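**Student:** give me the fold of what follows.
(chains A and B)
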Amino acid sequence: MLTFRSHAWRTAALAATVAVPLLAGTWVGWSFAAAPAANEVTIDDSAFRPAEITVPRGTKVTWVNKDYDPHTVVDSTDAKLFKSPALDTDESFSFTFNEAGTFKYFCTIHPRMQGTVVVQ
Amino acid sequence: MPKQITLPDHEAPESTARRKALKCMMWGSAGVLWAVSGGVPRPFQLGSAALAATAGDFTFMQISDTHIGFKAPINPDPGGTLKEALARVGAAKPAMLVHTGDVSHLTKPEEFEMAAAIMKDAKIETHYVPGEHDTINDNGKSFFERFGHDKRTEGGWYSFDQGGVHFIGLVNVVNLRPGGLGYLGPDQINWLAADLKGKSASTPIVVLAHMPLWTVSANWGWGTDDAAPAMEQLKRFGSVTVLNGHIHQVIQKVEGSVSLRTAYSTAFPQAAPDTPGAGPGPLKVEADKLKSMLGVRRVEVVGDKPAMLTDTTLAAA
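**Tutor:** So this is what the prediction gives:
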């Protein structure tokens, strides 16, 4: 799941985002205008941006590290549903959220950095 | 009254006349006298007791945050700057060297291997504590296999005696909790209490820990959540020197007989704490400024008097 950021990769990720609601059928009413960034979290200046995102079930969320410092993306609960390796500059990590719920996560290297994914 | 002093030996972006003044005041009030022994300048505290104690003193060096594996344009060759740092260490002929963590950038085997090879070439006895960059996703397992201390406990922390000094190596970079700072944990604090039990208050103590054992900046994660109970164990001793890394700059706090000071990195600088518009990551600096923001530290323990710490940048003549 660890991939280097590239234009081709971003295009593929965007296509996947659009495909998910169409295939699911029930998500036709979901705003496509918000789609391009709705499943991507940027890590910049030691912060997850946006710190909270809301996505439909089945969405693959991707974190891209734009910092010179490495970061991780790890489920804050003991369940450790998702746990990235160390992401160096421009590396990314993706996880597909198939269950509804509120998922808090943090960077295990810089634990003050926290974020939330709300899956509807 | 606790005091915190920033010691900018370089033109940091936030550098102010006030800070420079504080620096001068500190050195002025401490009454430092430079002496030369064996060709190496040595700072002494003024006063006959300190001067008389030279026969039994013990000198070692500290390096920190070598970040082997770091590749950003600020310093694409952290191995090279580490070698420069080690050349300065070797020239000072210290009794030994301590490394206060972030040996590697990403806990990768090849980074540990490269770091170990460079350190081995320096041929200086070295004692390590891990940084959070050395323990990513494995709680330090691979770090301890290569750099773990001979006397370490199961958790990786340790103590040993050398040159009349009691050294304590702490681990405050594993099991970090969401929203938290560095963390020692009750097992380690209990171990510390047992380790110090029965020790004479005149025993000089040197504590090594990667993250600062006081809160330099909560917003930037520069501190240790449970530092206070550890400090409580140490305050009865007459000379306690806490050597930290993590923040890639020299900042000091003195509280009673306990003196805490963070160290330069040998790889890249970081911004002064809570600098507006900056974050706790690597600070971009001009190539010709880099070495003035990296450095090594000499530590001289003089009996139960406050240890003498001298920070030197890689740009210094």
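**Student:** near chain B, which residues of chain A are found?
**Tutor:** Selection of chain A residues close to chain B by C-beta under 8 Å from any C-beta of the partner chain yields A:45-47, A:67-70, A:72, A:76, A:83, A:85-86, A:88-89, A:104, A:106, A:108-114. (Glycine included, C-beta is placed from N, CA and C.)
**Student:** emit the PyMOL select command for whichever of those are buried.
**Tutor:** If you want just the buried ones from those in PyMOL, going by 16 or more other C-beta atoms under 10 Å in any protein chain shown, the selection is:
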select buried, chain A and resi 46+47+67+68+69+70+72+76+85+86+88+89+106+108+109+110+111+112+113+114
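**Student:** can you show me the strands along the chain?
**Tutor:** Answering for chain A, as no chain was given. In chain A, the strands defined using DSSP state E lie at A:3-4, A:40-44, A:47-49, A:52-55, A:59-65, A:74-75, A:91-97, A:101-106, A:114-119.
**Student:** wait, chain B was what I had in mind.
**Tutor:** For chain B, the strands defined by DSSP E occupy B:3-6, B:32-37, B:40-45, B:58-63, B:97-99, B:126-128, B:158-162, B:165-169, B:205-208, B:240-244, B:251-255, B:258-262, B:295-301, B:308-313.
**Student:** packing partners for the fifth one?
**Tutor:** Just to be clear, that refers to strand B:97-99. If contacts are counted by 3 or more C-beta pairs under 8 Å, 6 or more residues apart in numbering or on different chains; DSSP states H and E, strand B:97-99 sits against strand B:58-63, strand B:126-128.
**Student:** how about these, which one is nearest chain A?
**Tutor:** strand B:126-128 (18.3 Å; C-beta to the nearest C-beta).
**Student:** pull up the pairing partners for that closest one, direction included.
**Tutor:** Its sheet considered, strand B:126-128 pairs with strand B:97-99 (parallel) by DSSP bridges.
**Student:** pull the residues that contact the partner strand.
**Tutor:** Residues outside strand B:97-99 that contact it (C-beta atoms under 8 Å, 6 or more residues apart in numbering or on different chains): B:60-64, B:66, B:89, B:119, B:122, B:124-129, B:147, B:167, B:208, B:243.
**Student:** at 10 Å instead, please
**Tutor:** With C-beta atoms under 10 Å, 6 or more residues apart in numbering or on different chains as the test, strand B:97-99 has contacts from B:60-66, B:82, B:85-86, B:89-90, B:115, B:119, B:122, B:124-131, B:147, B:167, B:169, B:206, B:208, B:210, B:243, B:245, B:263, B:266, B:296-297, B:299.
**Student:** ok, now stretch A:72-81?
**Tutor:** By C-beta under 10 Å, 6+ apart, stretch A:72-81 touches A:41, A:43, A:48, A:61-63, A:65, A:82-87, A:92-95, A:97, A:99, A:101, A:103-111, A:113-117, B:136-137, B:177-179.
**Student:** try 6 Å this time
**Tutor:** Residues from elsewhere that reach stretch A:72-81, judged by C-beta atoms under 6 Å, 6 or more residues apart in numbering or on different chains: A:63, A:82-84, A:86, A:93, A:104-109, B:178.
**Student:** what residues are up against residue 118?
**Tutor:** By default, I'm working from chain A. Shown in contact with residue A:118 (C-beta under 6 Å, 6+ apart): A:54, A:102.
**Student:** the chain in question should be chain B.
**Tutor:** By C-beta under 6 Å, 6+ apart, the residues touching residue B:118 are B:79, B:82.
**Student:** tell me the spacing between it and residue B:211.
**Tutor:** From residue B:118 across to residue B:211, the span is 24 Å (C-beta to C-beta, to the nearest Å).
**Student:** just residue B:297 next, same as before
**Tutor:** Counting by C-beta to C-beta - residue B:297 and residue B:211 are separated by 17 Å.
**Student:** so the two - more neighbours on which side?
**Tutor:** Legend: neighbour count by other C-beta atoms under 10 Å in any protein chain shown for residue B:297 and residue B:211, higher for residue B:211 (31 against 22).
**Student:** name the nearest residue to the more buried one, ignoring sequence neighbours.
**Tutor:** Excluding its sequence neighbours, the residue lying closest to residue B:211 (C-beta to C-beta, 6 or more residues apart in numbering or on different chains) is residue B:182, at 3.3 Å.
**Student:** you'd agree the one you found is up against residue B:172?
**Tutor:** Yes - between residue B:182 and residue B:172 there is a contact at 3.9 Å, judged by C-beta atoms under 6 Å.
**Student:** have a look at those two and say which one is more surrounded.
**Tutor:** residue B:172 (31 against 28).
**Student:** pLDDT value on residue B:17, please?
**Tutor:** The per-residue pLDDT reported for residue B:17 equals 42.
**Student:** what's the answer for the one 10 residues further on, then?
**Tutor:** Here, the pLDDT recorded for residue B:27 equals 36.
**Student:** neighbours of residue A:49, how many?
**Tutor:** For residue A:49, the count of nearby residues is 14 (other C-beta under 10 Å).
**Student:** beta partners for the spatially closest residue to it that is not a sequence neighbour?
**Tutor:** Spatial nearest neighbour of residue A:49, chain neighbours left out: residue A:42 (4.8 Å); criterion: C-beta to C-beta, 6+ apart. The residues listed as beta-bridge partners of residue A:42 by DSSP bridges are residue A:49, residue A:64.
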